[in-house]
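[1] I would like the atomic coordinates for the input below:
(chains A, B, C and D, ligands or ions: 10)
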Amino acid sequence: MKLHYYPGCTLKEKAVALDISTREAMKRLDVELVEPEGWTCCGAEYPLTEEKIVGLAAPIRVLRQVRDEGGEVLVTTCSFCFAVLKRANKALRDDPLKRKRINAFLRDDIQIDPLTKARTTDFEDYNGEVQVLHLLEYLRDRVGTPKIKSRLKRDLKGLAVAPYYGCRLLRPQEEMAFDEPDAPRVFEDFLEAVGCSAVDYAFKQECCGSYLSVSLPDAATEASYRVLRAAQMEGARAVTVTCPLCFYNMDSRQAAIKEKFLDFSGLPVLYFTQILAWALGVDREVLGLGEHAVPADSLFEEVPTTEVRT
Amino acid sequence: MTVKTKKKEDKRIGLFVCHCGVNIAGVVDVKKVAEALKDTPGVSMSTDYVYMCSDPGQQMIIDTIKEKHLDGIIVAACSPTLHEKTFQEAARLAGLNPYQIEIANIREQNSWVHSDKDKATKKAVKIVKSHVAKAIRNENLEPIKVDVKKRALVIGGGVSGLQAALDIADHGYEVILVEKNPSIGGKMIQLSETFPTLDCSQCILTPKMVEVSRHPRIKLLTYHEVDSVSGFIGNFKVRIKKKPRFVDEKLCNLCGECEKVCPQIVPDEFNMGLSFRKAIYMPFPQAIPGTYTLDEDHCLGLSPVRCGKCKDVCEPRAIDFDMKETIIEEEVGAIVVATGYDLYTMQALGEFGGEKYEDVVNGLEFERILSASGPTGGVVRRPSDGKVPKSVVFVQCCGSRDTEKHLPYCSKICCMYTAKHAMLYRHRVPDGQATVFYIDVRTGGKAFDEFYQRTVEEDKVLYIRGKVSKVFKEGDKLIVWGVDTLTGKKVEIEADMVVLAMAMVKTDGVQDLLKKLKISTDIHGFVAEAHPKLRPVESLNAGFFLAGCAHGPKDIPEAVSQASAAAAKVGDLFAQKELSHEPTVVPVNDELCSGCGICVTMCPYGARTLDPSKGVVDVNEILCEGCGACAAACPCGAAQQRNQTDDQIFSMLRAMLRE
Amino acid sequence: MFEPQIMCFLCKWCTSAAADLAGTSRLHHVANTINMRVMCSSRVDPQHILYAFKEGADGVFLGGCHPGDCHYVEGNYKTLRRIALFKKMLADLGIDPRRLRLEWISAAEGKKYAETMNEFTEQIRALGPLDLNDKALVREVVKDE
Amino acid sequence: MRVKLKAGPEQRTFIDRIEELSGENVFACYQCGRCSAGCPMASEMDLLPNQIIRLVQMGLLEDVLRSKTLFLCASCFTCESRCPKGIDMARVMEAVRHILDPKGKDAFGPGEISPELAKELPQQVMVALCRKFAK
Ligand SMILES: Cc1cc2nc3c(=O)[nH]c(=O)nc-3n(C[C@H](O)[C@H](O)[C@H](O)COP(=O)(O)OP(=O)(O)OC[C@H]3O[C@@H](n4cnc5c(N)ncnc54)[C@H](O)[C@@H]3O)c2cc1C
Ligand SMILES: Cc1cc2nc3c(=O)[nH]c(=O)nc-3n(C[C@H](O)[C@H](O)[C@H](O)COP(=O)(O)OP(=O)(O)OC[C@H]3O[C@@H](n4cnc5c(N)ncnc54)[C@H](O)[C@@H]3O)c2cc1C
Ligand code: SF4
Ligand code: SF4
Ligand code: SF4
Ligand code: SF4
Ligand code: SF4
Ligand code: SF4
Ligand code: SF4
Ligand code: SF4
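    Numbers count the residues shown, from 1 in each chain, chains lettered A, B, ... in the order given. Ligands and ions are numbered 1, 2, ... in the order given. Sure thing, here's the model as predicted:
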């Protein structure tokens, strides 16, 4: 089965592991991921004031492309991309004025050839037809736990993993609308489906410092430390994330964290798709574990994962 | 009810124009008005007089009605709110049906607000003419009369229900009190001490409970529920379901042997799940009626094959596994709804961890922890490990005043009970720290603010103005993240226990009952009052009264006042020999009614129902208050208001507007 | 000067009481209005309003209790919805919807009542006499005697 | 220190502009402080989120525009998810940033990222940061 998939720019360069593990895992669930032709960066941040709405043009262009290619659903993994695509899509569905303005904007962009100034393609307004889903949501609602379970090739023996939602996946609830921000289940259910045990800890939905990582590295270090330590105190052997920025803050910053907070001893960080792919039998070499600052290899070695006979 | 009336062509109408000294006559040429209408069809005489409402004025009206055999009169004078009753009475004395009297307001709405004599006179003529048009079409009416069954049903055995039942019974009427739980007492019996005086709750409530159980005119039905209600004010038929208790109340001698042998352990509702009871149990020692109850949902199986241990040890043979649900029928004239409240679930506020952490409790749980009869014998111990907490954080407005995600209203009592909790905790644990997070402290009520001030000043409770965002656990401590908006500091507190002042919400499941009663609620599911200021203890639906927290958040003093007020209103009703009701209602013309049901949805009182067998609407005239909303909505003209029919309105408009 | 005729339907509990209060307070106002007292603003059927226009009213006023204060719970909400809808229809019938005014005036607002009467009369005066150019259409909609 | 409150049209324009840009009713805020209580960045801020909105209510434009807080908000929506009045503080912050002197210095521009750091950072963070804080 073919499914439209938006990797986003980070996955093409810095977070290749997230991209590859996603593809490999989905293959084993009979899903072939296709990228919308000529996709561009979604803008990373959803514009929060009414005057910046041209910022919607980028994500809407992607969504329109998906629609034009006959896609009904678009999945993403990166929480930032997901938030932008989903919110932009909803804004267009709900607000006729935005719909008009963005389409007018995109119409110029597509119909007029910049050189010949001739009209090129016929343009059909985009009205929010495509459904934007996060891969976790897709796995929960479209693939389903029974199917995932039936395809498992390795037994992770209840490996204690702390799910980290961060800030973009569930909030604002009215727009993201797929789980409760303060009592979420979707990540836990995923981990249990692949054979891990989900660690319950108080910081799973606290922010890791996000983009302040650059302008205010100390604050991000501290924020990430709080998350990691809370997970570790509840017995987690690893933290799992959906977003390259969360990954960066929690993984690359660990050296700085250890320097600043002596009580912290390090905790591997994994993309959720790496766990999924591993459980589905993908070879370790393909998982991109080399990108990690905190070695996660040992985790896969040390945890006795036995092959499930099929 | 209509009485035989003359056809409009045959009617003889008399017109009496009042001078009101110079009040009217100074601006309106009253003689001209009387003169102008003399020849209007239907008018058989017209006259003017200086003071119509004076004794000679009234006498003149009476005499003229008799002499001239008038079928209706128009008094053109002041506002009908002033003297309509006066002239109706005069008409009655003259043998005229009082619904044939029309008052044309030419004073307040004319002579007093205009100075141009000519315009005012012309306007007066139009006003009077319109009443002539109406009067010739008025019907003779009689007030609608019904009997009253002088027995009341009170639903709910909390402090409100108990008070209402006692008051009504003391007025001399019979009362049936229905309580769904095995014992009466409601939430109040679970409280430790009560603000603002700190009386022990059980000490003040148990005597009332005993009084109810012994009152010769109160029939107490615990473990019962209302199954259905039909009829109308003064004449309700109620079916009440008796849930099987499996223990004969009269035989059980409270020996407790059954409880000892019962193998089934169940969380104890009375102690808010902080302790356990057996499947056969007494809810609490002072429960009324004093009997054990077998909880069918938790018993191993009500049969000697499955268990039957309790039955074996019961010497008086009180236990009967074969008891069945039965239905009782009663007739009553009034119903008091006193079904109380519940607390909002802690689950709804995931960020506070109420469902996750044992030591995050709600207000009622803390009441049990404070109570001398509670699971810890009155020593403050936290649920997880029984340790005495040295730091307790109280969070106010949990779920209340949250328009966005929870409940928009203020729960009204939590500021007071939080102050009480903090104070009592400090009394019990003198070296403990109590911290309260609040947004506003609302302590309106007699001696309430003094109580709160005492908590702060004498018991040194730290009040922090800000809302808590998150509670989480680290080791065996709870960490509370809040803010002090007064200093602009984000604060973090380590606590051993957190008490959440959860919002008061409608009783779980009460909507089913209210649907059976067909009474209106507000958007939060509390019973709606007829008027927020002037009829606060009556439902909009005639014959229903409300008391206590069923109507909305309130404390005990208010709940009890409301219960007594509701009882007084029931007394009012029962003091009448029969009920009489304005006949200016909107009946239905079966021949015109298409059965579309539009009017049914318009009626705020449920007076109209669709009769599926006849395919037309059925109107209960007792319930109709005569607002006319249905009449305006009926597309077939089948709903006509008595003495304000569409025909009358059109003819009045013609009289007013046609030159 | 054009003297408009204005027909006012006033609910018994609030606006009619306000009109009485304007009287007891001697708040003089224009004599162009004439009042009919109804039990509730929701008693007024659009037919009545249309009929008033047909019989010569240049403006029609409808007064009720403030939202939340209706003696019959929510009659005024029903009126509000009904009138909003009806205004659209008026335009179709060629009657300027501004000729119909709905206002909440409580029993305590005698002053508001008097001022509203003045103001509305001026507004109608400015609009000029109602010219029912499509009387036939109106007649079809309104039943006659 | 005592501030003189001016309830003039200038203040009103500022408040209206914030409301228009953010789409939030700033007067709905009843100063419970919950936004600040849960804000992950509050400890770095000179004014707490609830103080920002309070100053907007009072029309104290200068104080708001001067605050470091505007550039410490991570748009994490924690406050939004818990605000009892449904106010999205991230939007208010963005609105205020929007009316900051357009010719002023970038709070944080791409130029401030060293090439070494840029090599390591995920692309999204640079895009996001510029969107938020650059002119
Ligand atoms: C934590 C806490 C502390 C408090 N402390 C104080 C205090 O110190 N001082 C004070 O003045 N107030 C206090 N209150 C408020 C007090 O509890 C209430 O004002 C009072 O209990 C209201 O009584 P009620 O009879 O209206 O309702 P309830 O006590 O709730 O009684 C309602 C009764 O109706 C029954 N019922 C419900 N539905 C049905 C049905 N369908 N059929 C039959 N029966 C039904 C219930 O089982 C219950 O017995 C406190 C409240 C809380 C939550
Ligand atoms: C500024 C203000 C605004 C308010 N607004 C509202 C509001 O919007 N909504 C609301 O619900 N409530 C409001 N209230 C409260 C409301 O006024 C009272 O609740 C209500 O009036 C109380 O009525 P009462 O009959 O108890 O007392 P009163 O209205 O005080 O009546 C007492 C009567 O007793 C008479 N009297 C006194 N002594 C004697 C005597 N020795 N012999 C004979 N007669 C005597 C007095 O002359 C008076 O007529 C407001 C109050 C204030 C001060
Ligand atoms: S054993 Fe029988 S008499 Fe004794 S408490 Fe139980 S039911 Fe009552
Ligand atoms: S029969 Fe039921 S109630 Fe009796 S002892 Fe057994 S479990 Fe308990
Ligand atoms: S009574 Fe106090 S604690 Fe309760 S909702 Fe109202 S303000 Fe909040
Ligand atoms: S005294 Fe009056 S103004 Fe002050 S808090 Fe109480 S109710 Fe409010
Ligand atoms: S007049 Fe009013 S109360 Fe009577 S039946 Fe009609 S809608 Fe109901
Ligand atoms: S609206 Fe008129 S026609 Fe329709 S059911 Fe009611 S009375 Fe009958
Ligand atoms: S949480 Fe909302 S209401 Fe409370 S202070 Fe912050 S913005 Fe205002
Ligand atoms: S969105 Fe900004 S203000 Fe709100 S909690 Fe996050 S960082 Fe703080």
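[2] how is chain A partitioned into domains?
    Here the domain parsing of chain A from automatic domain parsing is A:2-132, A:145-301.
[3] right, I mislabeled it, should have said chain D
    Taken from automatic domain parsing, chain D resolves into D:9-100, D:104-135.
[4] got CSV for those domains, with mean pLDDT and distance to ligand 4 too?
    Using the backbone N, CA and C atoms, a C-beta is placed for each residue, glycine as well. Formatted as CSV, the domains of chain D follow (pLDDT from 0 to 100; distance: least, C-beta to the nearest ligand atom, whole Å):
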stretch, mean pLDDT, distance to ligand 4
domain D:9-100, 93, 45
domain D:104-135, 77, 61
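[5] how about these in JSON lines, adding mean neighbour count and distance to chain C?
    Output for the domains of chain D, formatted as JSON lines (neighbours: other C-beta atoms under 10 Å in any protein chain shown; distance: least, C-beta to the nearest C-beta, whole Å):
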{"stretch": "domain D:9-100", "mean neighbour count": "21", "distance to chain C": "20"}
{"stretch": "domain D:104-135", "mean neighbour count": "16", "distance to chain C": "43"}
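[6] who in the stretch 501-650 of chain B is up against chain C?
    Counting by C-beta under 8 Å from any C-beta of the partner chain, the stretch 501-650 of chain B comes close to chain C at B:520, B:528, B:531-532, B:540, B:584, B:602, B:604, B:625-629, B:631-633, B:641, B:644, B:646, B:649-650.
[7] just these: which are in helices?
    When those are checked against helices (DSSP state H), the matches are B:Met602, B:Ala629, B:Ala631, B:Ala632, B:Ala633, B:Asp646, B:Ile649, B:Phe650.
[8] okay, those in TSV with pLDDT, neighbour count and distance to ligand 1 next?
    Formatted as TSV, these follow (pLDDT from 0 to 100; neighbours: other C-beta atoms under 10 Å in any protein chain shown; distance: C-beta to the nearest ligand atom, whole Å):
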residue	pLDDT	neighbour count	distance to ligand 1
B:Met602	92	22	29
B:Ala629	95	30	31
B:Ala631	96	27	36
B:Ala632	94	28	37
B:Ala633	93	20	34
B:Asp646	95	19	43
B:Ile649	97	27	45
B:Phe650	95	20	49
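[9] can you narrow the residues of the stretch 501-650 of chain B next to chain C to ones near ligand 5?
    Taking C-beta under 6 Å from any ligand atom as the test, ligand 5 is in contact with none of these.
[10] so the residue nearest the centre of chain D versus A:Thr49, what's the distance?
    Centre of chain D computed as the mean C-alpha position; nearest residue by C-alpha atoms, centre = their mean is D:Met93, 2.1 Å away. Using C-beta to C-beta, to the nearest Å, D:Met93 is found at 10 Å from A:Thr49.
[11] the bottom helix or strand of chain C by mean pLDDT?
    The weakest-scoring helix or strand in chain C, judged by mean pLDDT, DSSP states H and E, is helix C:135-141 (a mean of 64).
[12] hmm, back to that, for the domains of chain D, give me a markdown table that also has distance to B:Tyr452.
    As requested, the domains of chain D are arranged in a markdown table below (distance: least, C-beta to C-beta, whole Å):
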| stretch | distance to B:Tyr452 |
| --- | --- |
| domain D:9-100 | 19 |
| domain D:104-135 | 44 |
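[13] among those domains, which is nearest A:Leu287?
    Closest of the domains of chain D to A:Leu287 is domain D:104-135, at 18.3 Å (criterion: C-beta to C-beta).
[14] now do that closest one: distance to the chain's middle.
    18 Å (C-alpha atoms, centre = their mean, to the nearest Å).
[15] can you narrow the ones in helices among the residues of the stretch 501-650 of chain B next to chain C down to the ones near ligand 7?
    Within these, those near ligand 7 by C-beta under 6 Å from any ligand atom are B:Met602, B:Ala629.
[16] got the ones in helices among the residues of the stretch 501-650 of chain B next to chain C as JSON lines, with distance to A:Leu63 columns?
    Output for these, formatted as JSON lines (distance: C-beta to C-beta, whole Å):
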{"residue": "B:Met602", "distance to A:Leu63": "46"}
{"residue": "B:Ala629", "distance to A:Leu63": "49"}
{"residue": "B:Ala631", "distance to A:Leu63": "54"}
{"residue": "B:Ala632", "distance to A:Leu63": "49"}
{"residue": "B:Ala633", "distance to A:Leu63": "46"}
{"residue": "B:Asp646", "distance to A:Leu63": "57"}
{"residue": "B:Ile649", "distance to A:Leu63": "58"}
{"residue": "B:Phe650", "distance to A:Leu63": "59"}
